[in-house]
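A.B. asks: using only what follows, build the 3D model:
(one chain, ligands or ions: 4)
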Amino acid sequence: MKIKNLIEGLEIEKIHGDLEKDIKGIGYNSRKIDLDYLFVAIEGFESDGHKYIQEAIERGAIALVVEKDIKLDREDITIIRVEDGRDSLARISSNFYGKPSQNMKVIGVTGTNGKTSITYLVKSILDRVNKNTGVIGTMGSVIDGEVLSTENTTPESLWIQRYLYTMLKEGTKHCVMEVSSHSLDLKRVEYCNFDIGVFTNLSRDHLDYHNTVENYFNAKLKLFYMTNKCNIINIDDKYGRRIIEETKNLDISTITYGIEKKSTIYATDIEYHLKGVDFKLNTPKGSIDISFNIPGEFSVYNALAAASVAYCYGIDLKGIKEGLEAVEGIRGRFEIVPTNEDFSVIIDFAHTPDGLEKVLSTIKEFAEGRIVAVFGAGGNRDRTKRPIMGESVGKYADFLIVTSDNPRNEEPMRIIDDVVEGVKKVNNNYIKVVDRKEAIEYAIKNAKPKDIILLAGKGHETYTIIGNEVLPFDERQIVLDFLKEIKN
Ligand SMILES: CC(=O)N[C@H]1[C@@H](OP(=O)(O)OP(=O)(O)OC[C@H]2O[C@@H](n3ccc(=O)[nH]c3=O)[C@H](O)[C@@H]2O)O[C@H](CO)[C@@H](O)[C@@H]1O[C@H](C)C(=O)N[C@@H](C)C(=O)N[C@H](CCC(=O)O)C(=O)O
Ligand SMILES: Nc1ncnc2c1ncn2[C@@H]1O[C@H](COP(=O)(O)OP(=O)(O)OP(=O)(O)O)[C@@H](O)[C@H]1O
Ligand SMILES: N[C@H](CCC[C@H](N)C(=O)O)C(=O)O
Ligand SMILES: [Mg+2]
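C.D. replies: Ligands and ions are numbered 1, 2, ... in the order given. You can find the predicted model right below:
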């Protein structure tokens, strides 16, 4: 595509050079630049893309989008100076891929917990009524059955636009996307035409990035100004009610869902059990009984959110029921490891105080033996949530093994101590085991009949991040291998 077409709509401060050149690809990382590429230099938190302009040119960049004035000894390189590199990257990427979001239905899901779960529930319902649905989120990008791994829950704008383009090419006209607060703040989803926005809930997380809960909320709020068809909001969450208030004058319809407060889509007759939850789904078009395969009240909320999306698209109750009930489970979300033992092992991705509270209170309701929790907190992430996570687990678990969860560049024992600070307030029945594999093995070795061992925090992840290294680490495999080992 010619540079002049690529920069359509871009807010430009200065241009130098030829705009007729043909661009073969776009990049924001110098290491990924190829022949005849356009390189967008972004000043980041860790580094500065402008430092890598020379490398980008050596690799084949023939045009640059920059946030600062730069001096080059090459006259043939086109230089476009802009105010905001991230915003420009999003605009250019959308142009390059033919503005794919304008030709499809994109559903954005935001909130602290439940995003991944809801995206897969929506996919299950829409797929069943012949709407081939793509997903972009924590577990990767799913395009026509193929899963591509993504670096972030919501990838950089270039990738989002590329995935949407590929989906369209494959005949996928619906995409359900997790929209993280980082992505809203860092403009990864700019120029993305959202049909529907879904809000799950808001609780403590990511304060390392946003500093205050108010900033975190305001980042999430942005999504509901970007939608065209409908906003779907959890009315039982106080931040959900704030979104409803803040957006009430917009020319867009709002569907509310909930259990406690009066809402458009709601659940009644809820019956909890360890293998799932049964409830009546009520909509303005009638009610239907749902037998859902993931337990807990939080699952009812996730199912209601997905049902609201389907309702918004006019899918009938039977279609919604079939789609929800077809979900046998979601990887790493209350996943029961098939051990064949007299105790149970559950792998769950809870990594926030609220997520842990929700999953543990669900387990507590059915536990006949002890609850043993193996968990930790991620390094280079919100420190303020760590003691609160410890407290959430300490309130419910009979025995806690506080361990590591992706320490990244932090000292693992320091993270554990941050968590233990909260544990100690409510429970003294804990040990610290830095090595997560040893921690899991300890829990299994000492398991008593009817125990429920919860391995929390890593969910679907099959790796651990120690320093800058990503090492293989699959908890299911660790559990099964260890059981085999102690039996031999
Ligand atoms: C805090 C944050 O979100 N940071 C994101 C941000 O990084 P940054 O601004 O620090 O980038 P940087 O390292 O300073 O580099 C600046 C620029 O120089 C470029 N560069 C750098 C080195 C080089 O050799 N050549 C080069 O061109 C980089 O490509 C970049 O364009 O922009 C990068 C490019 O898009 C992202 O990869 C990076 O996400 C990092 C990996 C990250 O960990 N993000 C997490 C916190 C995140 O986004 N999480 C959310 C929420 C998770 C959830 O709860 O669901 C998510 O959506 O995943
Ligand atoms: N609606 C919910 N409310 C509270 N906790 C939930 C909810 N849904 C799921 N959880 C808990 O949070 C964990 C993570 O769920 P999920 O992966 O769906 O959230 P997410 O918002 O995608 O998280 P992330 O921000 O990491 O992408 C689950 O394993 C479960 O323990
Ligand atoms: N999307 C979340 C996932 C956290 C998962 C947990 N295992 C951790 O590493 O803290 C994050 O990047 O903060
Ligand atoms: Mg997710």
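A.B. asks: please make it C-alpha for all contacts and neighbour counts, starting now.
C.D. replies: Will do.
A.B. asks: so is the residue in the chain that ligand 3 sits nearest to in a helix, a strand, or just coil?
C.D. replies: Proximity to ligand 3, evaluated over the chain using CA to the nearest ligand atom, is greatest for residue 378 at 3.3 Å. Secondary structure, DSSP: H, G, I helix; E, B strand; the rest coil: residue 378 is coil.
A.B. asks: touching, it and residue 409? I think so.
C.D. replies: No: at 9.9 Å, residue 378 does not count as touching residue 409 under the criterion of CA atoms under 8 Å.
A.B. asks: who has more neighbours, the two?
C.D. replies: residue 378 (23 against 14; other CA atoms under 10 Å).
A.B. asks: pLDDT at residue 87, what is it?
C.D. replies: Per-residue pLDDT puts residue 87 at 98.
A.B. asks: can you get me a residue count around the nearest residue to it once chain neighbours are set aside?
C.D. replies: Closest residue in space to residue 87, ignoring its immediate chain neighbours: residue 187 at 5.8 Å, by CA to CA, 6 or more residues apart in numbering. A count of neighbours around residue 187, defined by other CA under 10 Å, yields 21.
A.B. asks: residues of the chain that sit close to ligand 1?
C.D. replies: 28-31, 42-49, 52, 152-154, 156, 180, 182-183 (CA under 6 Å from any ligand atom).
A.B. asks: restrict these to the buried ones and give me that as a ChimeraX selection.
C.D. replies: With 16 or more other CA atoms under 10 Å as the burial test, the buried ones among the residues of the chain next to ligand 1 are selected in ChimeraX as follows:
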select :28,29,30,42,43,49,52,153,154,156,180,182,183
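A.B. asks: just give the nearest non-adjacent residue to the residue in the stretch 301-450 of the chain positioned nearest to ligand 4, would you?
C.D. replies: Nearest to ligand 4 in the stretch 301-450 of the chain, going by CA to the ion, is residue 349, at a distance of 9.1 Å. The spatially closest residue to residue 349, leaving aside those adjacent along the chain, is residue 459, at 3.9 Å (CA to CA, 6+ apart).
A.B. asks: what pLDDT is listed against the one you found?
C.D. replies: If you check residue 459, the pLDDT there is 98.
A.B. asks: neighbours of it, how many?
C.D. replies: Count around residue 459 with other CA under 10 Å applied: 22.
A.B. asks: need the three-state assignment for it.
C.D. replies: Strictly by three-state DSSP, residue 459 counts as coil.
A.B. asks: outline the domain layout of the chain.
C.D. replies: Domain segmentation of the chain under automatic domain parsing yields 3-96, 100-325, 335-487.
A.B. asks: tell me who's in contact with the residue of the stretch 301-450 of the chain closest to ligand 4.
C.D. replies: Each residue near residue 349 by CA atoms under 8 Å, 6 or more residues apart in numbering is listed here: 332, 333, 334, 456, 457, 458, 459, 460.
A.B. asks: at 10 Å what do you get?
C.D. replies: Residue 349 sits next to 113, 331-335, 355-356, 359, 455-461 when contact means CA atoms under 10 Å, 6 or more residues apart in numbering.
A.B. asks: compare those residues and tell me which is most surrounded.
C.D. replies: Ranked by the number of neighbours (other CA under 10 Å), these place residue 455 first, at 28 neighbours.
A.B. asks: and that one, bridged to which residues?
C.D. replies: As for beta bridges, residue 455 partners with residue 347, residue 374 under DSSP bridges.
A.B. asks: point out the residues in this protein that sit beside ligand 3.
C.D. replies: 351, 377, 378, 405, 406, 457, 458.
A.B. asks: 5 Å - rerun?
C.D. replies: 378, 406, 457, 458 (CA under 5 Å from any ligand atom).
A.B. asks: also within reach of ligand 4: list those from the residues you listed.
C.D. replies: Filtering these for proximity to ligand 4 by CA under 5 Å from the ion leaves nothing.
A.B. asks: buried stuff in stretch 409-422?
C.D. replies: Those would be 412, 413, 415, 416, 417, 418, 419, 420, 421, 422, for stretch 409-422 by 16+ other CA under 10 Å.
A.B. asks: OK, contacts around the residue nearest to residue 349?
C.D. replies: 330-335, 346-351, 474-476.
A.B. asks: kindly recompute the last result at 7 Å.
C.D. replies: 332, 333, 347, 348, 349 (CA atoms under 7 Å, 6 or more residues apart in numbering).
A.B. asks: gap between residue 398 and ligand 1?
C.D. replies: 28 Å (CA to the nearest ligand atom, to the nearest Å).
A.B. asks: which one is that residue nearest to, not counting chain neighbours?
C.D. replies: In space, residue 398 comes closest to residue 371 once its chain neighbours are excluded; the distance is 5.3 Å by CA to CA, 6+ apart.
A.B. asks: pretty sure the one you found contacts residue 397?
C.D. replies: Yes: if you go by CA atoms under 7 Å, residue 371 and residue 397 touch, sitting 4.9 Å apart.
A.B. asks: got the buried residues for stretch 99-115?
C.D. replies: So stretch 99-115, judged by 16+ other CA under 10 Å, has buried residues 99-101, 104-115.
A.B. asks: now the terminal residues of it, how far apart.
C.D. replies: Start-to-end span of stretch 99-115 (CA to CA, to the nearest Å) is 25 Å.
A.B. asks: how about the helices in the stretch 1-150 of the chain?
C.D. replies: Per DSSP state H, counting those that start in this stretch, the stretch 1-150 of the chain carries helices over the ranges 3-6, 53-59, 85-96, 115-128.
A.B. asks: ok, the stretch 151-300 of the chain next?
C.D. replies: Under the criterion DSSP H, counting those that start in this stretch, the stretch 151-300 of the chain carries helices at the ranges 157-169, 181-185, 207-210, 213-221, 238-246, 297-312.
A.B. asks: in terms of mean pLDDT, which of these ranks lowest?
C.D. replies: Taking the mean pLDDT of these, helix 207-210 comes last: a mean of 94.
A.B. asks: contacting residues around it?
C.D. replies: 213, 216, 381, 382, 383.
A.B. asks: same check on stretch 469-485?
C.D. replies: The contact list for stretch 469-485, computed with CA under 7 Å, 6+ apart, reads 337, 339, 441, 461, 462, 463, 464, 465.
A.B. asks: no more questions from me, cheers.
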